[in-house]
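A.B. asks: What would the 3D arrangement of this be:
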Amino acid sequence: MRTALCPGSFDPFHNGHLEVVERASQLFDRVVVACIGNPQKSGGMLPMEERRLVVEECTSHLSNVEAVTRGGLTVEAAREFGADVIVRGLRTVSDFDSEMAMAQMNHRISGIETIFLPTSAAHSFVTARLLREIAAHGGDISTMVPAPVVKRLVSEAGR
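C.D. replies: I've put the predicted structure just below:
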């Protein structure tokens, strides 16, 4: 059985993330979507467990996908879940620069390969950072994130 790990902070999980996970689910027998805390990103829209629940809800139509939370290095998560590869989505050329460096480092320290899946043009401009900024100012992000994300954000805003 071929297993892929799709890691990310998923803060928030958006339509570009969902597209990559859906495509990975067609290529691999099992896909583990790992919500991994990123120490370079402070705060967050949703707590880590909420992110996992959102990913789980957004991918419930995919029988071979599971969502988990994990701290530490991505390659440690890949080993823990028996992943053969790490899958990363690419939007732009600038994504490729940073993702390539991470892929090479991950391979050097673990031997695990990284597969890049480009997002469609419909999602190439969507970034979690911009979505967080728009949402923080009361803007509408509902066309760029799955419905469960909107529901959680509205719920969080009311707390």
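A.B. asks: Give me the mean pLDDT for the one helix or strand E19 maps to.
C.D. replies: Taking DSSP states H and E as the criterion, E19 maps to helix 15-27. Helix 15-27 shows a mean pLDDT of 98.
A.B. asks: What of stretch 118-131?
C.D. replies: For stretch 118-131, the per-residue pLDDT averages 93.
A.B. asks: buried residues in it?
C.D. replies: Buried residues in stretch 118-131, counted by 16 or more other C-beta atoms under 10 Å: 118-119, 123, 126-128, 131. In this view, the C-beta of every residue, glycine as well, is placed from N, C-alpha and C.
A.B. asks: In the protein, what residue spans correspond to strands?
C.D. replies: Assigned by DSSP state E, the strands in the chain fall at 3-8, 30-36, 65-70, 85-90, 113-118.
A.B. asks: Strand partners (parallel or antiparallel) of the fourth one?
C.D. replies: Which is strand 85-90. Strand 85-90 pairs in its sheet with strand 3-8 (parallel), strand 113-118 (parallel), by DSSP bridges.
A.B. asks: most neighbours per residue, which of the ones you listed?
C.D. replies: Per-stretch averages of neighbours, counted by mean count of other C-beta atoms under 10 Å, single out strand 3-8 among the strands paired with strand 85-90, with a mean of 24.
A.B. asks: Throw the strands of the chain into TSV and include distance to E57, thanks.
C.D. replies: Converted to TSV, the strands of the chain look like this (distance: least, C-beta to C-beta, whole Å):
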stretch	distance to E57
strand 3-8	16
strand 30-36	12
strand 65-70	9
strand 85-90	19
strand 113-118	22
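A.B. asks: Mind checking those for the one nearest to A101?
C.D. replies: strand 113-118 (10.7 Å; C-beta to C-beta).
A.B. asks: can you give me how far that closest one is from the chain middle?
C.D. replies: 13 Å (C-alpha atoms, centre = their mean, to the nearest Å).
A.B. asks: what packs against the longest helix anywhere in the chain?
C.D. replies: If you go by DSSP state H, the chain has its longest helix at helix 93-110. In terms of contacts (3 or more C-beta pairs under 8 Å, 6 or more residues apart in numbering; DSSP states H and E), helix 93-110 is packed against helix 74-80, strand 85-90, strand 113-118.
A.B. asks: Output the ones you listed in a markdown table; the columns should cover distance to K151.
C.D. replies: Output for these, formatted as a markdown table (distance: least, C-beta to C-beta, whole Å):
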| stretch | distance to K151 |
| --- | --- |
| helix 74-80 | 27 |
| strand 85-90 | 23 |
| strand 113-118 | 27 |
